[in-house]
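S.K.: sequence isn't available, so here's the structure alone:
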């Protein structure tokens, strides 16, 4: 039977469309298919979590999408209903807020890392202070810290400066950054004479920032990072898997590689 | 947070508007009245901040005025002062974003003035400068004021470039749009609402004023 | 004393269409530049003012050199003492009439400026409109304000570019008289551009006829229009005789009026104008009949005795330039010329119907 030319084109078209129609991800995947989870994490965790994410993908076949920002911003987004599966914060306050609003699965909450603050200056800078106390000096025009309202690193920095009785002198010279990495950026670009960041952040600057002092965490801390699975996450099982990996010896090893200390 | 942000916005936006009112009119005049080869290219460059994402413009402003910027480094070495993180930096950011609007409005307004009136003024013995102030400017005034009002509105709402060049320092560079953002992400909803209300009201007033000014002209 | 010598090439699409090449001077009174549109008369005016720059030449006013291509001098507009009255007046819309007039007055004292501006408005008969804006003025008032503004700037010459063309006939006539009056009072030479023969004859002390960029005849308007020296001039000025006269008498019963011209009288159809009113009469050159004999009984109300001064051939037609107290040009065919054996010096009679004489005002 001779095929009508119109019929042939229609068949061709359909055969091209069908794969496209089937390509969308189903709403409730079976365990046989690869899944994707969204992890919102404090920006200081960027490098460590990227590596953990790759390991996770290797092991499970699931892919991880990261959203790195200040913990305060991320907390707000989750409160507003952002589709996040896992939240890792640099501060307890943000996690507490979510817990109070019953937005996280409490049973999955745990502290998984510890950090300390350091004072950094642009490498080779002549006007740089050499200690926290020297931040009062006249040559120090600007000091960068995270915005205490939304950045845990900023809250800790303020705590530290207050405890060291430096706050009144230093406060007028503060430049408030959106997140701790921006603090580092300001230092690297020499827009400020000094900045307070996490010890784990310094290496990211690849030598352009130098640590001149570090602060033991009695004066402001401890800085403990909590992690939890967000409630109503569509990939709860996979999310739990990710959290477990972070807390596993492999996860701890990777975190240590980037300078994070074990939670006490 | 509200009151300091309001005062700062008022200061920054007023200074920025005055500056670009003058600069924009001057540039608009050159584009309207002078012929030179690179004219349309210059017009395109001046329009860039309007078309580029504000963060890109902010990036270029940092490149120019940051402490190590192409211009910033000379200012710093001469005066020990940098534009970044100052209200003056906020003025520059707001001004850069609103300048294209002013230049375009000014050019259109000045072009709409019949060039023959200028010729008449010359024939009566007046110099180019005097002619500009006594004939061209008064006849273009409506369009120029409309441009100033629009620039004011744009400067008032400026966020991205300001954040990048001037930072978000309460009391120093935190203008109202920045304050709203901070109020929002730190959960201070009431403050966010009040600020949003103020800015909305200002924008509505701007639209209203612009419409009145650009309604069909009775004279000229 | 205004001396103008300029050359300018006019190009369209890169090719030269015609060349303006004129040389004239104006000492006093009103000089009329007459010609059709595109003959270059506005360009001459604009060159004197400094709005346009000639390719070559020299323009001098009151012994000051405004333009000299050989010496590389080109004085900017601001420094030239010219007053310009534009065709569409171009009054500043954002200034009152008084402010417009005061604009060009060089005085730093505001009171003095306002006073002098007021005086000039008074001289032009529009003292009361000072506080009004141009859009609130009639066409005639706007024109007077424009003239006042030009005069107020203390010029050495006033240039007028078809100032009356936008006005209706009665206003135009009245204003023409006023322009003449103002010129006499101010004693500043005027250069008046027009394409209206009536304007030229009524207002001009001298007329320059432009054709294709050149001045083809110069002289008193009545001569130029009614005794064109060549067919080119004749074509440029048109076929009408344009005669200036005054109303002398009426005869309503017969439906006629009598007009006094310089040296003879004309009978025209009745016009409702008081005696001694100045009028301009137009008679087409081909409406005049020539006879070698005095013919008594004709229907023509006008029979004038004239002498032929010049014969100007124009193809199959001929212009006879005659004198009968006034210059009159008469158009006849070449055959008629030969048949009647008409030559310079021949005495003839001209027959003109009253209805062939029309009021040009």
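M.R.: Perfect, thanks for sending it. Bear in mind that the values here come from a model prediction, so they are computed numbers and not experimental data.
S.K.: touching the helix or strand where residue C:59 lies from outside, list them.
M.R.: Using DSSP states H and E, the element containing residue C:59 is strand C:56-61. Residues from elsewhere that reach strand C:56-61 (C-beta atoms under 8 Å, 6 or more residues apart in numbering or on different chains): C:1-8, C:47-48, C:65-70, C:80-82, C:156-157. Where C-beta positions appear, they are placed from N, C-alpha and C, glycine not excepted.
S.K.: which neighbours in the sheet does it have, and how are they oriented?
M.R.: Strands that pair with strand C:56-61, judged by DSSP bridges, come out as strand C:2-12 (antiparallel), strand C:64-68 (antiparallel).
S.K.: thinking again about what came up before, tell me the buried residues within the contacts of strand C:56-61.
M.R.: C:2-6, C:8, C:47-48, C:66-69, C:80-82, C:157 (16 or more other C-beta atoms under 10 Å in any protein chain shown).
S.K.: and the two most separated of the residues you listed?
M.R.: Greatest spatial distance among the buried ones among the contacts of strand C:56-61 (C-beta to C-beta): C:8 and C:81, at 22.4 Å.
S.K.: tell me which residues of the lengthiest helix in chain B come out buried.
M.R.: Selection of the longest helix in chain B by residue count, based on DSSP state H, yields helix B:2-33. Neighbour counts over helix B:2-33 (16+ other C-beta under 10 Å) mark B:2, B:5-6, B:8-9, B:12-13, B:15-17, B:19-21, B:24-25, B:27-33 as buried.
S.K.: got a list of what residue A:51 touches?
M.R.: By C-beta under 8 Å, 6+ apart, the contact set of residue A:51 is A:254, A:257.
S.K.: once you drop chain neighbours, what's closest to residue C:134?
M.R.: Nearest residue to residue C:134, sequence neighbours excluded (C-beta to C-beta, 6 or more residues apart in numbering or on different chains): residue C:91, at 4.0 Å.
S.K.: hmm, the one you found is touching residue C:146, no?
M.R.: Yes - applying C-beta atoms under 8 Å as the test, residue C:91 and residue C:146 come out as touching, 6.1 Å apart.
S.K.: now the strands paired with strand C:56-61 as a markdown table including mean pLDDT?
M.R.: Below are those laid out as a markdown table (pLDDT from 0 to 100):
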| stretch | mean pLDDT |
| --- | --- |
| strand C:2-12 | 87 |
| strand C:64-68 | 93 |
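S.K.: between the ones you listed, which one is nearest to residue C:122?
M.R.: Nearest to residue C:122 among these is strand C:2-12 (27.8 Å), distances taken as C-beta to C-beta.
S.K.: contacts for that closest one next, please.
M.R.: Contacts of strand C:2-12 (C-beta under 8 Å, 6+ apart): C:16-27, C:40, C:43-44, C:47-48, C:52, C:54-61, C:67, C:156-157, C:189, C:191, C:213.
S.K.: give me the subset of those lying in strands.
M.R.: In this view, the contacts of strand C:2-12 that belong to strands under DSSP state E are C:16-26, C:56-61, C:67, C:157, C:191.
S.K.: now those: which count as buried?
M.R.: Those of these that meet the buried threshold are C:18, C:20-22, C:24, C:26, C:57-61, C:67, C:157, C:191, by 16+ other C-beta under 10 Å.
S.K.: mind jotting down where the helices sit in the stretch 151-300 of chain C?
M.R.: Here the stretch 151-300 of chain C has its helices, by DSSP state H, counting those that start in this stretch, at C:169-186, C:197-203, C:221-226, C:231-237.
S.K.: could you list the single helix or strand in chain C with the lowest mean pLDDT?
M.R.: helix C:231-237 (a mean of 82; mean pLDDT, DSSP states H and E).
S.K.: ok, now which ones touch the residue nearest to residue C:134?
M.R.: Residue C:91 is in contact with C:97, C:100, C:134, C:142, C:145, C:146, C:149, counting by C-beta under 8 Å, 6+ apart.
S.K.: what secondary structure does it sit in?
M.R.: Here residue C:91 is coil, with the state taken from DSSP: H, G, I helix; E, B strand; the rest coil.
S.K.: check residue C:31 too.
M.R.: Once three-state DSSP is applied, residue C:31 turns out strand.
S.K.: got a list of what it touches?
M.R.: Contacts of residue C:31 by C-beta under 8 Å, 6+ apart are C:24, C:189, C:190, C:191, C:192, C:204, C:205, C:206, C:207, C:208.
S.K.: tell me how far it lies from chain B.
M.R.: To chain B, residue C:31 is 19 Å away according to C-beta to the nearest C-beta, to the nearest Å.
S.K.: so what sits opposite that residue in the bridge?
M.R.: Beta bridges link residue C:31 to residue C:191, residue C:206 when assigned by DSSP bridges.
S.K.: the residue in the stretch 151-264 of chain A that chain C sits nearest to: what secondary structure?
M.R.: When distances are taken as C-beta to the nearest C-beta, the stretch 151-264 of chain A reaches nearest to chain C at residue A:191, 49.5 Å away. Following three-state DSSP, residue A:191 is assigned to coil.
S.K.: number of nearby residues for the nearest residue to residue C:86 once chain neighbours are set aside?
M.R.: What sits nearest to residue C:86 in space, not counting adjacent residues and going by C-beta to C-beta, 6+ apart, is residue C:161, at 5.8 Å. The tally of other residues near residue C:161 (other C-beta atoms under 10 Å in any protein chain shown) stands at 20.
S.K.: from what I can see residue C:161 touches residue C:88, true?
M.R.: No - between residue C:161 and residue C:88 there is no contact under C-beta under 8 Å: 9.4 Å.
S.K.: residues contacting the closest residue to residue C:299 other than its chain neighbours?
M.R.: With sequence-adjacent residues excluded and distances taken as C-beta to C-beta, 6+ apart, residue C:299 is closest to residue C:353, at 7.0 Å. For residue C:353, the contacting residues are C:287, C:299, C:300, C:301, C:302, by C-beta under 8 Å, 6+ apart.
S.K.: look at the second one and say how many residues are nearby.
M.R.: Here the neighbour count serves as a burial measure; for residue C:299 (other C-beta under 10 Å) it reads 8.
S.K.: now do the phi/psi pair for it.
M.R.: Dihedral pair for residue C:299: phi -80, psi -10, per degrees, to the nearest 10.
S.K.: quick one: it and residue C:93, what's the gap?
M.R.: 57 Å (C-beta to C-beta, to the nearest Å).
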